[in-house]
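Asker: task: produce atomic coordinates for the following.
(chains A and B)
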2 protein chains.
Amino acid sequence: MPKKNAFYAQSGGVTAVINASACGVIEASRQHPDAIATLYAGKNGIIGALTEELIDTSTMSDEQVGMLKHTPAGAFGSCRYKLKSLEENQREYDRLLEVFTAHDIGYFFYNGGGDSQDTAHKVMQLSQRHNYPLTCIGIPKTIDNDLMHTDNCPGFGSVAKYVAIATLEASMDVASMAASSTKVFILEVMGRHAGWIAAAGGLAQRDGHTAPHIILFPERVLNRQKLLDKVKETVNTCGYCVIVASEGIKNADGSFLAASGGKDAFGHTQLGGAAPSLARMIHEALGYKYHWAVADYLQRSARHIASGTDVDQAYALGKFAVEHAIARHNGVMMTLERESQTPYLWRVGTTPLENVANIEKQLPDSFISDDGMHITPACREYMLPLIQGETPPPYVDGLPQYLVMNFDLVPKKTAPFDL
Amino acid sequence: MPKKNAFYAQSGGVTAVINASACGVIEASRQHPDAIATLYAGKNGIIGALTEELIDTSTMSDEQVGMLKHTPAGAFGSCRYKLKSLEENQREYDRLLEVFTAHDIGYFFYNGGGDSQDTAHKVMQLSQRHNYPLTCIGIPKTIDNDLMHTDNCPGFGSVAKYVAIATLEASMDVASMAASSTKVFILEVMGRHAGWIAAAGGLAQRDGHTAPHIILFPERVLNRQKLLDKVKETVNTCGYCVIVASEGIKNADGSFLAASGGKDAFGHTQLGGAAPSLARMIHEALGYKYHWAVADYLQRSARHIASGTDVDQAYALGKFAVEHAIARHNGVMMTLERESQTPYLWRVGTTPLENVANIEKQLPDSFISDDGMHITPACREYMLPLIQGETPPPYVDGLPQYLVMNFDLVPKKTAPFDL
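Answerer: I've put the predicted structure just below:
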């Protein structure tokens, strides 16, 4: 089989471990020089393919590639850019084929969430329609853990560990102060439509009644009176109340509690501010002194406390994506399968791209307690293996030593293209 | 000299390392059974002395005491409770003497910030006025780093390390996304009247022009147009703009940008929400997509990433407080002195309590850049030694193993007292 070049890109919101997948892709590619000549990374995801802004990963030393494994965010740049259907935007697809042809791309690795798997699926359809030989593999990535047909998503284990630790530590702070100061603390975490991340806060509760006392999921409509009753009861019995709230919690009319009005490039409402809204509501009704935190990007970039399991899985998915591509397994997304719960054993699998594109997996009912405000033992059993292990980055001068590179772009071979 | 019992309590907002000071006090006390019979900890700070809620620290095993060194927040409970002057509230002072007499207390260790050193000073004045033999020692503690006559305050190094790392990691996230998504990110940090914590965000900037691009201090009035100009220029040149903002930034009329209206027990305005206010202002003027985070208690409880230097210093101050007390150095607060910058060498000293009570040390002008929106090399030189070293806690099942105890209280010897 003739050697081909490969294209790899990162897409959607980045994570603490997406670069570990990149590390896996690059290291595996280097082990197959007979199949993959040059691995190009797209600058800023699929945008880099459209604008022909390509990074030659062979310019990276082995040491630099290795550093990707402990570097958060997207080393090559990510994007929020969704390709329209083939019918709606023929121009962009023609352009992709033009750039792939110009650079002899035979492998397409796209590392992202549900929207990005949709992009990978469309690129596969495109190549088939035009008889352009291209092996398309999706590599999952999303802190939201909301992809179907994979036991979990790389990126989630690390944000879960971060949220569990932050909840544990802040709860101890509140417990110290509650006698004469703060009685209610609210931590707002990400999760627009699925409560996986909020649920992870529940892992900080060790014996069924310590903090966090309440978890609010987007899967359950906010019942203000029920919430206020539980906050009051908790403060009366425990002295304080810690709440982990998803950014996506909704009012009875379906509106977000914290809609800020803006929309992102995918048309999703941009959220933020559920915690201050809840805090004000509780303060007005019950008078308690409160504090709130919004973790936002801190939670998904916190490589310093990433889950060892998550790093291992992200790396393995990148590595096996290359192995599967070379074996011509086209049009699949790499998945994680749970082989055994105790001990926790996992392996890499695949699922057709069309299975995962544009479908969000919510937290199952069996993971949410009957009162709708906490997790169940089944949820804890599912999540605990995903936050195991610590793999801190190296530190220099008190700060993590992350890889930061200014990449030169590969000389262009085609005419400019306007997005 | 006859053996006496000792009283130790934690006061004010807790930190990631105040328990390391407690560890130092307890371990040193155990080494001097000839001088200190029993070390009692006040439950919830000075409140525990007033209500005679005392914890007998001799019930703790050596292993439990050792665990304090890696446990955040206040193991014995803290308080926000300020004693009035001796003239204004004779009743409380009479009560303190009653409890101290009942439990044969000869040593008073108070571990807190400026307000707490004031409490320690008043207790010393009280004992002298009544000829009650009491050795009073203040042990500094404040993430705000705003105490006079000490080079730095235990608790600050760890929050500085947290804020620097959070700024670094979130900045890499924004850099990855900026081409097609978030252009402006704002991290709000603590610091009501002093910008020490916000300044620590500046340590994430390695070569004079990377993120964070802007730091907003309470020491400088917010100039909206100057800020907007710098944000726009930064986005134009770097592609994105990261801002670290103190919760205490003020408008031209002296009001807090984010006053939420409430006040704490010390009469301080309760803040929160500078970041969303700034984000909306920037979005309305410049249209950029934004994200913001409010770290709140996460920053001061993050023992998982505490500074090794900070832990060492907090422990040493507790230990030497006992040594000084036994040597009858009465009425002093323990201090940290910088003996040498390169290499960084420090030692423990003392200063009279009256020097530090109720005075806040702001960030010096020489630490703020000419445009008022960043730190100077002098500030970096001062702060870098304070964030050195990592001393992670032990982990069990993916989470830090912190000490959590339910202490029995010592049987009461006096009549009940209403606060």
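Asker: host element of residue A:99?
Answerer: helix A:90-102 (DSSP states H and E).
Asker: pLDDT on that helix, on average?
Answerer: Helix A:90-102 shows a mean pLDDT of 95.
Asker: neighbours around the closest residue to residue A:252 other than its chain neighbours, how many?
Answerer: Nearest non-adjacent residue to residue A:252, counting by Cβ to Cβ, 6 or more residues apart in numbering or on different chains: residue A:221, 5.4 Å away. Backbone N, C-alpha and C define where each C-beta goes, glycine included. Applying other Cβ atoms under 10 Å in any protein chain shown, we find 13 residues neighbouring residue A:221.
Asker: the helix holding residue A:99 near chain B at all?
Answerer: No: Helix A:90-102 lies apart from chain B when judged by Cβ under 8 Å from any Cβ of the partner chain; the minimum separation is 14.0 Å.
Asker: buried residues in that helix, which are they?
Answerer: For helix A:90-102, the neighbour count (16 or more other Cβ atoms under 10 Å in any protein chain shown) marks A:92, A:93, A:95, A:96, A:97, A:98, A:99, A:100 as buried.
Asker: quick one: the second one from residue A:126, how far?
Answerer: I take that to be residue A:93. Using Cβ to Cβ, to the nearest Å, residue A:93 is found at 5 Å from residue A:126.
Asker: who touches both of these two?
Answerer: residue A:86 (Cβ atoms under 8 Å, 6 or more residues apart in numbering or on different chains).
Asker: quick one: mean pLDDT for the strand or helix carrying residue A:187?
Answerer: Assigned by DSSP H and E, residue A:187 belongs to strand A:184-189. Mean per-residue pLDDT for strand A:184-189: 98.
Asker: for it, which helices and strands make contact with it?
Answerer: Applying 3 or more Cβ pairs under 8 Å, 6 or more residues apart in numbering or on different chains; DSSP states H and E, one finds that strand A:184-189 contacts helix A:156-177, helix A:196-201, strand A:241-246, helix A:274-286, strand A:290-294.
Asker: return the distance of the first one from the chain's centre.
Answerer: Chain-centre distance of helix A:156-177: 19 Å, with Cα atoms, centre = their mean, to the nearest Å.
Asker: so which bits of it are buried?
Answerer: Within helix A:156-177, the residues scored as buried using 16+ other Cβ under 10 Å are A:156-177.
Asker: just those that are near chain B?
Answerer: Applying Cβ under 8 Å from any Cβ to those, those adjacent to chain B are A:161, A:164-166, A:168-170, A:172-177.
Asker: for the stretch 251-400 of chain A, what lies in contact range of chain B?
Answerer: Proximity of the stretch 251-400 of chain A to chain B, by Cβ under 8 Å from any Cβ, involves residues A:262, A:264-265, A:270, A:272-273, A:275-276, A:283, A:289, A:291-298, A:300-305, A:307, A:384, A:387-390, A:392, A:395, A:397-400.
Asker: restricted to helices, list these.
Answerer: Mapping these onto helices (DSSP state H) picks out A:275, A:276, A:283, A:297, A:298, A:300, A:301.
Asker: now these in TSV, with distance to residue B:122?
Answerer: Below are those laid out as TSV (distance: Cβ to Cβ, whole Å):
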residue	distance to residue B:122
A:275	37
A:276	37
A:283	32
A:297	44
A:298	40
A:300	47
A:301	45
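Asker: which one of the residues you listed sits closest to residue A:38?
Answerer: residue A:301 (29.5 Å; Cβ to Cβ).
Asker: so where does residue A:379 fall, helix or strand?
Answerer: helix A:377-383.
Asker: what about that helix, distance to the chain center?
Answerer: 19 Å.
Asker: for that helix, buried residues please.
Answerer: A:379, A:382, A:383.
Asker: okay, domains of chain A per the record?
Answerer: Under the assignment automatic domain parsing, the domains of chain A span A:4-141+A:304-358+A:391-400, A:156-302.
Asker: quick one: which of the ones in helices among the residues of the stretch 251-400 of chain A next to chain B is nearest to residue B:63?
Answerer: In terms of Cβ to Cβ, no member of these lies closer to residue B:63 than residue A:298, at 33.0 Å.
Asker: what's the neighbour count on the closest one?
Answerer: There are 25 residues near residue A:298, going by other Cβ under 10 Å.
Asker: residues in contact with it?
Answerer: A:162, B:166, B:169, B:170, B:187, B:293, B:295, B:298.
Asker: likewise residue A:373?
Answerer: Contacts of residue A:373 (Cβ under 8 Å, 6+ apart): A:214, A:215, A:216, A:220, A:226, A:227, A:230.
Asker: how about residue A:215: what's its closest non-neighbour residue?
Answerer: What sits nearest to residue A:215 in space, not counting adjacent residues and going by Cβ to Cβ, 6+ apart, is residue A:244, at 4.9 Å.
Asker: what is the least confident helix or strand in chain A?
Answerer: Here the helix or strand of chain A ranked lowest by mean pLDDT, DSSP states H and E is strand A:259-263, holding a mean of 50.
Asker: and residue A:327, how many neighbours?
Answerer: 10.
Asker: for residue A:40, grab phi and psi.
Answerer: phi -100, psi 140 (degrees, to the nearest 10).
Asker: OK, contacts around it?
Answerer: A:5, A:6, A:7, A:8, A:54, A:55, A:56, A:57, A:103, A:105, A:410.
Asker: okay, those residues in JSON lines with distance to residue A:79 and secondary structure next?
Answerer: JSON lines is the format used below for those (distance: Cβ to Cβ, whole Å; DSSP: H, G, I helix; E, B strand; the rest coil):
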{"residue": "A:5", "distance to residue A:79": "21", "secondary structure": "strand"}
{"residue": "A:6", "distance to residue A:79": "19", "secondary structure": "strand"}
{"residue": "A:7", "distance to residue A:79": "14", "secondary structure": "strand"}
{"residue": "A:8", "distance to residue A:79": "14", "secondary structure": "strand"}
{"residue": "A:54", "distance to residue A:79": "14", "secondary structure": "strand"}
{"residue": "A:55", "distance to residue A:79": "14", "secondary structure": "strand"}
{"residue": "A:56", "distance to residue A:79": "19", "secondary structure": "strand"}
{"residue": "A:57", "distance to residue A:79": "18", "secondary structure": "helix"}
{"residue": "A:103", "distance to residue A:79": "19", "secondary structure": "coil"}
{"residue": "A:105", "distance to residue A:79": "18", "secondary structure": "strand"}
{"residue": "A:410", "distance to residue A:79": "18", "secondary structure": "coil"}
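Asker: can you tell me which of those residues is nearest chain B?
Answerer: For the contacts of residue A:40, the residue nearest chain B by Cβ to the nearest Cβ is residue A:55; the value is 13.4 Å.
Asker: any weak-confidence spans in chain A?
Answerer: A:1, A:259-272 (pLDDT under 70).
Asker: from residue A:161, how far off is residue A:274?
Answerer: For residue A:274, the distance to residue A:161 - Cβ to Cβ - is 22 Å.
Asker: with residue A:311 instead?
Answerer: From residue A:311 to residue A:161 the distance is 11 Å (Cβ to Cβ).
Asker: ok, which pair from the contacts of residue A:298 is furthest apart?
Answerer: A:162 and B:187 (15.3 Å).
Asker: where does the stretch 101-250 of chain A come near chain B, residue by residue?
Answerer: A:161, A:164-166, A:168-170, A:172-177, A:179-181, A:185, A:187, A:203-204, A:210.
Asker: can you give me the buried ones in stretch A:405-412?
Answerer: Here stretch A:405-412 shows A:407, A:410 as buried, counting by 16+ other Cβ under 10 Å.
Asker: now that stretch: how far from the chain's centre is it?
Answerer: Stretch A:405-412 sits 27 Å away from the centroid of its parent chain (Cα atoms, centre = their mean).
Asker: now do that stretch: everything it contacts.
Answerer: A:40-41, A:43, A:52-56, A:59-60, A:64, A:75-76, A:103.
Asker: quick one: buried ones out of these?
Answerer: With neighbours counted by 16+ other Cβ under 10 Å, those contain buried members at A:40-41, A:43, A:52-56, A:60, A:64, A:75-76, A:103.
Asker: ok, of these, which one's closest to residue B:88?
Answerer: residue A:75 (61.2 Å).
Asker: quick one: residues contacting the spatially closest residue to the closest one that is not a sequence neighbour.
Answerer: Excluding the flanking residues, the one nearest residue A:75 by Cβ to Cβ, 6+ apart is residue A:19, at 5.1 Å. Applying Cβ under 8 Å, 6+ apart to residue A:19 gives the contacts A:68, A:69, A:71, A:72, A:73, A:74, A:75, A:403.
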